[in-house]
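Enquirer: pasting the sequence and the predicted coordinates here, then a few questions.
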Amino acid sequence: MINTKRARLRNLGEVEQIVMDYVWTHGPSSSEECREALASARPMKDSTIRTVLRRLEEKGYLTHEIQGRTFIYKAADARQNVAVRAVKNIIDRFCGGSAEQLVLGMVDNAVLDRKQLQRLARKIEEKTFAEKKVAESQISEGEIAGKGSSRSKEGKR
């Protein structure tokens, strides 16, 4: 049996977040590329950026490959997927597992405006429609497969 549940990612510190933002935006990078790119906003020594990258890998945010003698770090998962898991964790911890409670709280506290709610409603409607179409096509394929097998039986008689 394969365990498909992902480990809960530990929180990111300020510098770790800056480094992850860079990797998510620019893709696989060496420690030197990260350090140079972030130097104007967040100057770091070579040993500091290597430590940050190693900690991000230990926390499950990064993986690395070795090219020659250089570690090339890449995001272990897309930014959106990490965000979804973080929100899921918040929903579980603070809203008793109810995404509806979270969204209602966001509406009550004016975190979401009318346009955002309309986009959410459209997205839900599109997903529901797409799921319905998939279900209908699976039923149709099943009926066709069923008819085909009965025809082949009749042809053999």
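Expert: Sure, I can see it. Numbers count the residues shown, from 1 in each chain.
Enquirer: hmm, which helix or strand of the protein has the shakiest average pLDDT?
Expert: Least confident helix or strand of the chain, by mean pLDDT, DSSP states H and E, is helix 114-156 with a mean of 77.
Enquirer: got the phi/psi numbers for Ile72?
Expert: phi -110, psi 120 (degrees, to the nearest 10).
Enquirer: er, Gly27 actually
Expert: According to degrees, to the nearest 10, Gly27 has phi 80, psi -170.
Enquirer: where does the nearest residue to it once chain neighbours are set aside land in three-state SS?
Expert: Among residues not flanking Gly27 along the chain, Lys74 sits closest, at 6.9 Å (Cβ to Cβ, 6 or more residues apart in numbering). Any C-beta I mention is one placed from the backbone N, CA and C, and that applies to glycine too. State at Lys74, reduced to three classes by DSSP: H, G, I helix; E, B strand; the rest coil: strand.
Enquirer: beta partners of Lys74?
Expert: Beta bridges link Lys74 to Thr63, judged by DSSP bridges.
Enquirer: wait, it sits on Val23?
Expert: Yes. If you go by Cβ atoms under 8 Å, Lys74 and Val23 touch, sitting 6.8 Å apart.
Enquirer: element containing the residue nearest in space to the middle of the chain?
Expert: The centre of the chain sits closest to Asn81, judged by Cα atoms, centre = their mean, with a distance of 1.0 Å. Following DSSP states H and E, one finds Asn81 within helix 79-94.
Enquirer: buried stuff in that helix?
Expert: If you call a residue buried by 16 or more other Cβ atoms under 10 Å, then helix 79-94 has these buried ones: Val82, Ile91.
Enquirer: can you name the element that comes right after it?
Expert: As assigned by DSSP H and E, the chain's next helix or strand after helix 79-94 is helix 99-108.
Enquirer: measure Lys132 to Ala37 for me?
Expert: Separation of Lys132 from Ala37 (Cβ to Cβ, to the nearest Å) stands at 46 Å.
Enquirer: compare these two (neighbour count), which wins?
Expert: Using other Cβ atoms under 10 Å, the more surrounded residue of Lys132 and Ala37 is Ala37, with 16 against 10.
Enquirer: surely the more buried one is in contact with Gly27?
Expert: No. Ala37 lies out of contact with Gly27 (Cβ under 8 Å); the separation is 11.7 Å.
Enquirer: shouldn't Asn11 be within a strand?
Expert: No. Secondary structure of Asn11, determined by three-state DSSP: coil, with no strand assignment.
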